[in-house]
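[1] Fold the stuff below for me.
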Amino acid sequence: MPLNRSITSPALDIERCISDIARTLSDELSRRGVAAPLMIGIHTGGVWIAERLHRQLGLTEPLGTLDISFYRDDFSRVGVNPQVKPSHLPVAVDDRHIILVDDVLHTGRTIRASLNEIFDYGRPASIMLAVLLDRSGRELPIQPDVTGAHLELRPGEQVKLQGPEPLSLIVEGPETGG
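    Next comes the predicted model:
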């Protein structure tokens, strides 16, 4: 029987984490001299986070979205997700500074697939990675530039963002009790 637990403690206030990410991004963009970045959220949770960040940063370019289902390296094993959504990049990515947003960074494979898709659209000047949660278990050498929180989970557990209103985190995994 799987164990589900909700993470709603004050220690992990999602909206506060998003505000912290926005502040850090703003400082980093200013430090780098980037005035008009293009923000792209990864379906589905990354889009929810990106929508909030986009508003808080007051970005003028429309928000882009990616569905990396066809770019996954395990596509042949897991098949097509029945809820595949089209990617939408509202402006050209060539020579643009991009903020790529996802909800949870785990193995790095989703980010790798996202980078592959972005580069199919063009060659950006730079890409910054912002994630709500960075958890253990990296399989690829991909690290976020900005992180809302770090999360340690037990073996076999997965964390999932639910939303869009309100946003909440659910941890699912094998029963560990006796």
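[2] give me every residue that touches residue 147.
    21, 105, 130, 131, 132, 133, 134 (C-beta atoms under 8 Å, 6 or more residues apart in numbering). C-beta here means a position set from N, CA and C on the backbone, and glycine is covered the same way.
[3] Among those, name the buried ones.
    Neighbour counting with 16 or more other C-beta atoms under 10 Å marks 21, 105, 130, 131, 132, 133, 134 as buried within the contacts of residue 147.
[4] got TSV for those, with distance to residue 113 too?
    Formatted as TSV, these follow (distance: C-beta to C-beta, whole Å):
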residue	distance to residue 113
21	22
105	13
130	17
131	15
132	18
133	18
134	18
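[5] ok, these vs residue 32, which is closest?
    residue 130 (13.7 Å; C-beta to C-beta).
[6] and the closest one, that's in a helix?
    No: according to DSSP: H, G, I helix; E, B strand; the rest coil, residue 130 belongs to no helix; its state is strand.
[7] Name the nearest residue to it, ignoring sequence neighbours.
    residue 146 (4.3 Å; C-beta to C-beta, 6 or more residues apart in numbering).
[8] Can you get me a residue count around that neighbour?
    Other residues near residue 146 come to 21 when the count uses other C-beta atoms under 10 Å.
[9] That one is in contact with residue 132, isn't it?
    No: with contact defined as C-beta atoms under 8 Å, residue 146 does not reach residue 132; the gap is 9.9 Å.
[10] quick one, what contacts residue 156?
    173, 174.
[11] and it, that one's in a strand?
    No: applying three-state DSSP, one finds residue 156 to be coil, outside a strand.
[12] Sweet, I'm off.
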